[in-house]
Structures are given as C-alpha cells and as structure tokens.
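generate coordinates for the sequence data below:
(2 chains)
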Amino acid sequence: MRAADKAASNQKDVDERTRRKNAAKQARDLMERKSDSMPVVASPDGPRQIRVVDAELVDPSPTGGIVEVLQQGYLLRLIVGRQLAQQYAASVLGLLWSYIQPAMRFAVYFFVFGVILKTHQGVPNFALRLFTAMVFVHYFTETWNGGTRSIWQNSNLVLKMRVPREIFPVAAMLVSVYHTGPQVLLLIVCCVIVGWHFSLGAIGAGLIGIAILVTFSMAMALFFSALNVLYRDFQNIVQTIMQFIHFLVPMMYSYSVVAELGKSHPLLYQGYMANPLAEAVLLMQKLFWAPTVSDQSLLKPMFPSDLISRGLITLGVCVVLLYLSQKFFSRLESKFPENL
Amino acid sequence: MAESIVLDHVTKDFTLHYHRTMKQIAVATARGLPLKEEFQAVNDVSFIVEQGEAVGLMGLNGSGKSTLLKLINGVMRPDHGTVRTRGRIAGLIATGAGFQPQMTGRDNLFLNGAILGMTEAELSKKFDEIVEFADIGKFLDTPVSHYSSGMFARLGFSIAIHVDADIFLADEVLAVGDRPFKKKCLAKMQEIRQQGTTIFYVSHAAASVRAMCDRVLVLEAGRLNFDGPVDDGIRYLQYDDDDGDDPTLEGVMDAELGADI
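Prediction:
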C-alpha cells in the first residue's frame, strides 16, 4: 500500500518535472524569439516620486448601472455621436432616412385605413390622431430594436474598454429621441395650427404617457440587449414583433372599436389594454389630439373612462420592469466577454 | 505606502460553446460530442501590488495574462474572489483599443479618452500633446479603418499614456509598432513610473522587463506560480534541472545583447 502511494507520488513528481521542462523550453524559445521585440530603456535618474492616491480601494468594474451612465454625460454624448456616425456611414440621404420611412408609412396607413376602410368616419382630425400615435410608436420601436442590438454591435468596445455597459442601450434610446424629436416638433406645430388649447388634464396625461414610454422602452432595450448577446435569435424575434406592433395600438382604428370588443370578450380587452404601449398611445392622444377637437362629446367613446388611473398603474408596473431588467442585465453582464 | 491592486483568490471560468444553432446541437448530441467545455483562465490568483510598484507579468501564450489584465482593468469580473484597485486605471488591453473603424482618428481620440475617464477639459488640454506623440500627422482626420496597424497602436497608446492615471496597464499592444516608437513609449512609461504610477507590464522580452520592473509575476496555466524579484522570475521561467551548465544565464545574456542591437 505504502509502495503504491510512493510510486504514485513519484509518478506525479516525474509528470510535474516533465511539464516544467516542457514549459521552460517553450519559455526559452519564446524569449529568444521575442528578445528583440521590446527595446531596453533605462529608467531616468533621480529618486522615484511617491504618488499619493486619494481614493478608496474599489471594484474596478463599473457597477452603478443606468444611474452611473447618466452621471457620465460627456461620454454618453460621444457614444450617441458614434452611434449616429455608424448608422449613416456611406449613406447619401443620411438622417433623412429616419423621416422618409415614417412619412411613407403614414401615407400608406392614411390611405388604407382612412380612405379605403373609412375608419376616419366619426373621428375628427383623423390624420392628427394617426400621426400622434405613429411618432411615439416609432420612438418605442426604434429604442427597442436599436437597444436590442446595441451591445452586440459595440462588441469591440465592450470587450476592450471599461464602460458601464448599460451605456449602449441608453445611447440607443437617445438616438431615437434624436430622430423623433423633430417629428414631435412637427406634431406640435400641426396641433397648434388645427387649434390646440391648454388644459391641465391633457398635460398631466401627456406626462404620464411620456414616463411610461421612457421606462418601458428602456426596460425592453436593457432586457433584450443582454439576451441578444447570448442568443442572436432575439434580434429577429424583436424584428418580428415590430412588424405587427402597429396594429396592436389604437392608431388606425379608434378606442371605441376596442371597447366594443370588450363587451363580448372582456379577457381579450384586458389583454389588449395591458400593453403599456397602447396605454401610452392613448395618453399621448389625450395630450395632442383631444384638445384640437372642438366637439368634445365626440371624444367620450375615444378614451376609456379610467384612462388616468390605468396610466398610473401601468407606469408603476413599467418602473418595476425597468428595475428587474437592470437586475437581469447586471447578472448576465459577466457572461458577455465569452459570448461576443 | 498604500495598496494599489489587491487580488484575493481570483478565479475566472470560461464556457466555450462549440455549437450554437439547434441543428449543430442536434448533430453533436447524436454523435456524442461535447456541447460545451469549461476551463479556468485564471485560477485562484492572489497578490497585492503597492502604489508605485512596477510589476512584470510573464508566462507562456495562453497562460491567462490577458484575462488577468482584463480583470484588473474591470472589463471582466471574476467568478470567484475579489479584485480591488485604487485610483484611475489606464492602459491598453490586446491590440487595437476599441476604435470605431468608420470614425476619424480625431473622433476616436475623444471617445477613447472619455472612456478612459478623461473629462472634456482635460482632453482638449492634452489634445495637441496626444496627437504629437502619436505622430499620425495628416491622418488625424481620416477614418481609422485606413490606418496601418502601427498607426492604430500608436494612437491607442498615445491616448492611454496621456491619461493621468494611478495604474497603467500595458499588454503586448506595442508589438506592432516600429522600433523608434517602441523606444519612445518605453521611455514615456519609465517617466510615469518615476512619477509613482503603478505599472503592470506584459512582455516576453526578459531584458525589457528587467529594465522596467521591480517584481515579476509568472502565470502558468492560469495559476500564479511565481511572485518575486525580476531575475528570479526569469530564472524560474527558464528552469531546467537537467542541464549542468546554466543555460538561463546564457539566454538572458543573449536577450540583453539582442535588445541592445
């Protein structure tokens, strides 16, 4: 028994020696080959200075999440600029593309739904209502889509430089703000021309709507950007959902049709209204479109009676979603380097 | 003196996925091939570096040097153990510095500087100095995709070295530069070393490590097997117990000769 142990340990010793010998040989070869690779530079004369670092010992990897991203305004600005440069590299029309597409979609929807299917009947200022919804749905889809790809697209930065990785989905959101900003401006001008007037209720609804849009799109962008690193399928899934998301909000048809459906299919109705995007679209219409309608009695069937309370609940849910997707992102983050 | 870098039982596992698509997975399962493999790039490494120390990191290719640097830099997080650093870290990890190919050298300079933690004011103050050191002249406003690998490395190094950092990490990024530039970089590194910056230097060139560092760490297959004075570290790497005459000394002498030529 002893002997066997001894033999085993001897064998181990021999193995270890062989390994060391091979390693040493490799090291010698490598050094010989590389001996010339770096020049020798003697250290300058004079005593070494002592550098006093006024900081704590901390974890070198960023852990602050979205909060930390928002504190680094300068870096965020540069990354947004970089994203835009990347998007419009070698494109003649450049930025115009983000207006041509929505404009064409608007024209098609207006023609098909307004003119052919006549959903504009009984809806005053139908075009304005359609436009309001399209601008904000566009903001959401672009944030979600861009955010989902953002980590993977910036893999060379993610792998080599230390940045809070949430910066890429956040930058994707800011890029789509940059794109939808002028559209919103155009929308405001249109509203004013048609006859928008101030009302506290409308402003309140709008604020809730914007808060829902921002938190919900950010939550989706964060969650899917992390998933997309592991399985690239998710960018296709997102793209597929994007194909029909326009039909799942009260945009081309009015809310009254959905309410009608609710009478016979309450479950379907609740499912439809649980979509934060549908809720946000209604709230934005309340802000932009509703005040331009002179005959307020027409508006009654266009919005649910519990619009504001529903909006507040949805906002609460979205904030929780954002928190959860940040947690999810942080957990998956350490697996990014080996999957990119 | 204060600790600058503290690693405590740090381990980093990698999972290699061999097959990604459903079809590949099905085929591999049918043939009984492994779907994934785990290996430890860094295995239970602990050490403390004091502020102002210059440490050489040596080891064969694939021994985990780059992973260790990434852990110290904060690009990666350890699976077990803790990494703690004090102050601002600058440096370059592997070739290329995360440049965006379509963007010009100027834009990349600002982006990279900002990522390394420089403020807008700091960057505009040091801009001329960085450009001059990088020596890329009229190519500054050309997309970096048109740069030669040498120019790429020069710009990357120039940005990193001009960050007023407390810890400087240098991987083998300089290997692509030309000789006069390497010399300039090492002189600059000596300068910041003199100013008390902690230096982490990865190189295979023994003589260069000897001139730059006070201490050597040797990694072997992810394990930290040596931590001590430079000469002992180099001797450890080249250890050979069969040869009676000391080949180590010879090798080192050659290295020094070669480096001076």
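
can we go C-alpha only for contacts and neighbour counts from here?
Noted.

show me what B:Phe168 is bridged to.
B:Phe168 has these beta-bridge partners by DSSP bridges: B:Ala90, B:Ile199.

ok, it - how many residues close by?
B:Phe168: 24 surrounding residues under other CA atoms under 10 Å in any protein chain shown.

hang on, B:Val216 packs against B:Gly228?
Yes - the pair B:Val216 / B:Gly228 is scored as a contact, 5.6 Å apart, by CA atoms under 8 Å.

for chain A, see how far away the residue sitting furthest away from the middle of chain B is.
For chain B, the largest distance from the centre (CA atoms, centre = their mean) belongs to B:Ala30, which lies 41.7 Å off. With distances taken as CA to the nearest CA, to the nearest Å, B:Ala30 is found 22 Å from chain A.

which helix or strand contains that residue?
According to DSSP states H and E, B:Ala30 maps onto helix B:22-31.

what is the mean pLDDT for the top helix by length along chain A?
In chain A, with assignment by DSSP state H, the single longest helix is helix A:2-34. Mean pLDDT, helix A:2-34: 76.

repeat that for stretch A:125-136.
92.

ok, residues contacting that stretch?
Stretch A:125-136 is contacted by residues A:102, A:106, A:110, A:114, A:120, A:180, A:183-184, A:187, A:190-191, A:213, A:250-252, A:281, A:284-285, A:288-289, A:292-293 when judged by CA atoms under 8 Å, 6 or more residues apart in numbering or on different chains.

quick check: buried residues in that stretch?
In terms of neighbour count (16 or more other CA atoms under 10 Å in any protein chain shown), stretch A:125-136 has its buried residues at A:Phe126, A:Ala127, A:Leu128, A:Arg129, A:Leu130, A:Phe131, A:Thr132, A:Ala133, A:Met134, A:Val135, A:Phe136.

how about the residues of the stretch 101-250 of chain B near chain A?
Residues of the stretch 101-250 of chain B lying near chain A by CA under 8 Å from any CA of the partner chain: B:102-103, B:110-111, B:114-116, B:119-120, B:166, B:175, B:179, B:182-183, B:186-187, B:190-191, B:193-197, B:203-208, B:211-212, B:237-241.

what separation is there between A:Lys335 and chain B?
Computed as CA to the nearest CA, the A:Lys335 to chain B distance reads 9 Å.

can you count the residues close to that residue?
A:Lys335, neighbours per other CA under 10 Å, totals 19.

quick one on the thing from earlier: more neighbours, B:Val216 and B:Gly228?
B:Val216 (25 against 14).

can you list the helices and strands that the one helix or strand the more buried one maps to packs against?
Here B:Val216, judged by DSSP H and E, is contained in strand B:215-220. Counting contacts by 3 or more CA pairs under 8 Å, 6 or more residues apart in numbering or on different chains; DSSP states H and E, strand B:215-220 is packed against strand B:54-59, strand B:223-228, helix B:230-237.

now the buried residues of stretch A:125-136 as CSV including secondary structure and distance to A:Leu75?
Converted to CSV, the buried residues of stretch A:125-136 look like this (DSSP: H, G, I helix; E, B strand; the rest coil; distance: CA to CA, whole Å):
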residue, secondary structure, distance to A:Leu75
A:Phe126, helix, 42
A:Ala127, helix, 40
A:Leu128, helix, 37
A:Arg129, helix, 37
A:Leu130, helix, 36
A:Phe131, helix, 34
A:Thr132, helix, 32
A:Ala133, helix, 32
A:Met134, helix, 31
A:Val135, helix, 28
A:Phe136, helix, 27
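
Serialize these to TSV and add fields for distance to A:Trp144.
Listed next are the buried residues of stretch A:125-136 as TSV, based on distance: CA to CA, whole Å:
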residue	distance to A:Trp144
A:Phe126	27
A:Ala127	26
A:Leu128	25
A:Arg129	23
A:Leu130	21
A:Phe131	20
A:Thr132	19
A:Ala133	17
A:Met134	15
A:Val135	14
A:Phe136	12
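
now for those residues, which pair is the farthest apart?
With CA to CA as the measure, no two of those lie farther apart than A:Phe126 and A:Phe136, at 16.1 Å.

which residues of chain B score low on pLDDT?
Counting by pLDDT under 70, chain B has low-confidence residues at B:1, B:94-97, B:173-176, B:239-261.

in it, which residue sits closest to chain A?
Across chain B, no residue is closer to chain A than B:Gly74, which sits at 3.8 Å (CA to the nearest CA).

what's in contact with stretch A:208-228?
Counting by CA under 8 Å, 6+ apart, A:136, A:140, A:143-152, A:166, A:169-170, A:173, A:234-235, A:276-277, A:279-281, A:283-284, A:311-312, A:314-315, A:318-319, A:321-323, A:325-326, A:328-329, A:332-333 sit against stretch A:208-228.

okay, and which of those residues map to helices?
A:136, A:140, A:143-152, A:169-170, A:173, A:234-235, A:276-277, A:279-281, A:283-284, A:311-312, A:314-315, A:318-319, A:321-323, A:325-326, A:328-329, A:332-333.

rewinding a little: does the next helix-or-strand element following the helix holding B:Ala30 come close to chain A?
The first helix or strand that comes after helix B:22-31 along the chain, using DSSP H and E, is strand B:36-50. No - Strand B:36-50 is not in contact with chain A by CA under 8 Å from any CA; minimum separation 10.9 Å.

which parts of strand B:36-50 are buried?
Along strand B:36-50, these residues count as buried under the neighbour rule (16+ other CA under 10 Å): B:Gln40, B:Ala41, B:Val42, B:Asn43, B:Asp44, B:Val45, B:Ser46, B:Val49.
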